[in-house]
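Peer 1: give me coordinates for this.
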Amino acid sequence: MRILCSNDDGIHAPGLKTLEKIAKALSDDVWVVAPETEQSGAGHSLTLAHPLRLRKINARKFAVSGTPTDCVLMAVKKILAETPPDLVLSGVNRGQNIAEDVTYSGTIAAAMEGTVLGIPSIALSQAYGFEGREKVKWGTAEHHGPALVSKLVEMGWPADVLMNVNFPDVVHTAVEEVEVTIQGKRDQSNALIDEREDARETPYYWLGFQRILSNPPKGTDLRAIYDGRISVTPLHLDLTHKATHKAMARELGGTPPKQITPVVRPAGTSGGK
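Peer 2: Numbers count the residues shown, from 1 in each chain. Okay, the predicted model is just below:
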């Protein structure tokens, strides 16, 4: 099995080293194509306004001056064009990718692009807690990753679905369960805009989220991670909301609505009462 590894934390990220270990436990044909610099929050963005640079690190490892999406495209359509990968692994991200994170995440985007290109793809993330991003328990993902990825590949899944795997912020021996979850919903009141001033007293801003415990419902990716379980969430590329589509088709489908006659007011009058 040929495995392509990518990420959004960059070519030198510790999580990428963990991902390589997971991949090499499953195959001796492992390739790495990752962003030259950190691309966290890049989402499923594609570089179109300027050229990409490709840096060869060794025979099977490359850095790309672009987004995670760019990396997977370059790998599949250029570097490995003659023999494309059988599996795309993205991560291991420093921090969880759950709830609305999946729409921002470059880690998810790399797996999404693999799925778009017809390759089974899995995003992997390692949660960390209030101790901070320098105390990530990479050993949890490294220990449980190979068997879990192997089982997922053995099971298989639909072509327009990608797997989102999150490892909890506990040591590997404390993980008792794997839970198949649905995407949760984060409390967006935790969003934070941190305003500061530079040396010229000009304001600038940092965007982020306050790290506050909440009480998410059972069955969600949020709850599983909070409770120390590995979360596996199947994500669908088709974003169409079927129920709304059906209801709107009944009311809106067919002949276009009649044109609305503009309201004409006498000159010199205002629109207020």
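Peer 1: can you give me the end-to-end span of stretch 88-103?
Peer 2: Start-to-end span of stretch 88-103 (CA to CA, to the nearest Å) is 19 Å.
Peer 1: list the buried residues in it.
Peer 2: Within stretch 88-103, the residues that count as buried by 16 or more other CB atoms under 10 Å are 88-99, 101-102. Yep, even glycine has a C-beta here, placed from its N, CA and C like the rest.
Peer 1: and the least confident of these?
Peer 2: Checking pLDDT across the buried residues of stretch 88-103, the minimum falls on residue 101 at 87.
Peer 1: please tell me how far it sits from residue 37.
Peer 2: 20 Å (CB to CB, to the nearest Å).
Peer 1: and what of residue 124?
Peer 2: To residue 37, residue 124 is 20 Å away according to CB to CB.
Peer 1: so between those two, which is more surrounded?
Peer 2: Remark: of residue 124 and residue 37, residue 124 carries more neighbours, 28 against 12, as counted by other CB atoms under 10 Å.
Peer 1: now the more buried one, which residues is it bridged with?
Peer 2: Beta-bridge partners for residue 124, by DSSP bridges, are residue 165.
Peer 1: can you tell me how far residue 128 is from residue 174?
Peer 2: Distance from residue 128 to residue 174, by CB to CB: 14 Å.
Peer 1: comparing these two, which shows the higher neighbour count?
Peer 2: Set residue 128 next to residue 174 and count neighbours by other CB under 10 Å: residue 128 wins out with 18 against 11.
Peer 1: check contacts around the more buried one.
Peer 2: Shown in contact with residue 128 (CB atoms under 8 Å, 6 or more residues apart in numbering): 94-96, 135-137, 169.
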